[in-house]
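# fold the following and give me the result.
(one chain, ligands or ions: 1)
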Amino acid sequence: MHRILIIEDEADIAENLRYNLKREGYLPDVAESGELGLKLALDENKPPSLILLDVMLPGMSGFELCRRLRREPLTEKTPIIMMTAKAAEKDKIAGLETGADDYVTKPFAVRELLARIRALLRRTTERSFEVYEDDRIRIDVGEMRVFCDRKKIELTRKEFALLVYLVKNTGRVPGRQQILDNVWGYSYYGDSRTLDVHIRRLRQKLGSGGDCIETVVGIGYRFIPCKS
Ligand code: CA
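Numbers count the residues shown, from 1 in each chain. Prediction:
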């Protein structure tokens with residue numbers, strides 16, 4: 001069951017969201033301030049699957065909090081939907097620049113928000129796996145270990161995240177930007193050649209298993225399970 005953290009200081013909005021999320025089968029938690037929201041978001045015993053974040057909060061603002069959450073390893077990938085009272089384009093952009101995945105403008109229809117929550121959760125929990133194994137490669141996600149032909153491969157965190165992302169998308173060809181967004185984060189605006197450099201190193205390190213990452217010219221890269 002998905003835990004959803006609502007960070008909202010307006011009690012009636014928070015209660016309305018809590019009620020509707022619960023009715024949809026989610027486990028909602030409410031924080032009335034950014035400070036409390038941060039504390040609940042970083043609770044390792046019950047990490048939220050998704051965060052609904054109000055922009056206008058007393059004390060720490062939603063933008064500031066979003067930036068903080070993106071810097072923490074536990075919440076760097078947690079889907080965040082910003083709730084803003086301002087329809088101004090610059091606020092939407094500011095929200096996405098701080099690392100939010102989506103935003104809704106108040107007043108919003110709960111049904112629309114629920115649809116966005118479902119879409120985000122589907123995107124982030126799709127094909128999740130703990131252990132991947134084919135004829136050559138074995139990946140243990142929890143232990144962050146990769147083996148090729150039973151030999152342990154030493155990967156950097158980024159190389160590991162990149163490999164796991166491609167494996168999770170087996171059967172699809174994620175585009176270059178999509179890979180950058182998911183592995184490097186939405187806040188990454190650097191050189192996209194970084195991706196090619198990481199792919200090259202990953203292939204080298206995987207040695208005989210390196211062929212599992214195929215270049216799809218003009219689009220991106222795809223993972224192909226190794227068959228002996
Ligand atoms: Ca507010």
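# what's the helix or strand for the closest residue to the ion within the chain?
With C-beta to the ion, the shortest gap between the chain and the ion falls at M56, namely 4.0 Å. (C-beta placed from N, C-alpha, C; glycine too.) Secondary structure from DSSP states H and E places M56 outside every helix and strand.
# can you check E64 too?
helix 62-71.
# show the average pLDDT along that helix.
If you average the pLDDT over helix 62-71, you get 94.
# please apply the same query to stretch 9-29.
Here the average pLDDT along stretch 9-29 is 95.
# list the buried residues for it?
Under the neighbour-count criterion of 16 or more other C-beta atoms under 10 Å, stretch 9-29 has 9, 13-14, 17-18, 21, 26, 28-29 buried.
# same question for stretch 101-121.
Buried, per 16+ other C-beta under 10 Å, within stretch 101-121: 101-104, 113-114, 116-117, 120-121.
# related to what we said a few turns ago, quick one: list the elements packing against the helix holding E64.
Secondary structure elements in contact with helix 62-71, counted by 3 or more C-beta pairs under 8 Å, 6 or more residues apart in numbering; DSSP states H and E, are helix 34-41, strand 50-54, strand 80-84, helix 89-97.
# could you identify which of these has the lowest mean pLDDT?
helix 89-97 (a mean of 72).
# show me what that helix is packed against.
Using 3+ C-beta pairs under 8 Å, 6+ apart, helix 89-97 sits against helix 62-71, strand 80-84, strand 102-105.
# relative to N169, which of the buried residues of stretch 9-29 is nearest.
Using C-beta to C-beta, Y26 comes nearest to N169 of the buried residues of stretch 9-29, at 25.6 Å.
# excluding covalently adjacent residues, which one is nearest to L40?
A31 (5.2 Å; C-beta to C-beta, 6 or more residues apart in numbering).
# beta-bridge partners for the one you found, please?
I7 (DSSP bridges).
# can you tell me which residues contact it?
5-8, 37, 39-40 (C-beta atoms under 8 Å, 6 or more residues apart in numbering).
# quick check: buried residues in the helix holding E64?
Buried residues in helix 62-71 (16+ other C-beta under 10 Å): 62-63, 65-66, 68-70.
# comparing the helices and strands packed on helix 62-71, which comes out most buried?
For the helices and strands packed on helix 62-71, the largest average neighbour count (mean count of other C-beta atoms under 10 Å) is found in strand 50-54, namely a mean of 26.
# other SSEs contacting that strand?
Against strand 50-54 (3+ C-beta pairs under 8 Å, 6+ apart) you get strand 3-7, helix 34-41, helix 62-71, strand 80-84, helix 110-125.
# return the residues of the protein in contact with the ion.
For the chain, the contact set with the ion under C-beta under 5 Å from the ion comprises 9, 54, 56.
# what about the worst-scoring helix or strand of the chain on mean pLDDT, distance to the chain center?
Every helix and strand in the chain was compared by mean pLDDT, DSSP states H and E; the lowest is helix 89-97, with a mean of 72. How far helix 89-97 lies from its chain's middle: 18 Å, per C-alpha atoms, centre = their mean, to the nearest Å.
# strand 50-54 and that helix, what's the angle between them?
150 degrees (axes from the mean of the first three to the mean of the last three C-alpha atoms, to 10 degrees).
# CA atoms only: put helix 89-97 into PDB for me.
Output in PDB follows, covering the C-alpha atoms of helix 89-97 (Å, rounded to 0.1, in the frame of the first residue of the first chain):
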ATOM      1  CA  GLU A  89       4.000  30.500 -15.300                       C
ATOM      2  CA  LYS A  90       7.200  31.500 -13.400                       C
ATOM      3  CA  ASP A  91       5.900  29.600 -10.300                       C
ATOM      4  CA  LYS A  92       5.300  26.500 -12.300                       C
ATOM      5  CA  ILE A  93       8.700  26.600 -13.800                       C
ATOM      6  CA  ALA A  94      10.300  27.400 -10.400                       C
ATOM      7  CA  GLY A  95       8.500  24.300  -8.900                       C
ATOM      8  CA  LEU A  96       9.800  22.000 -11.600                       C
ATOM      9  CA  GLU A  97      13.300  23.500 -11.300                       C
END
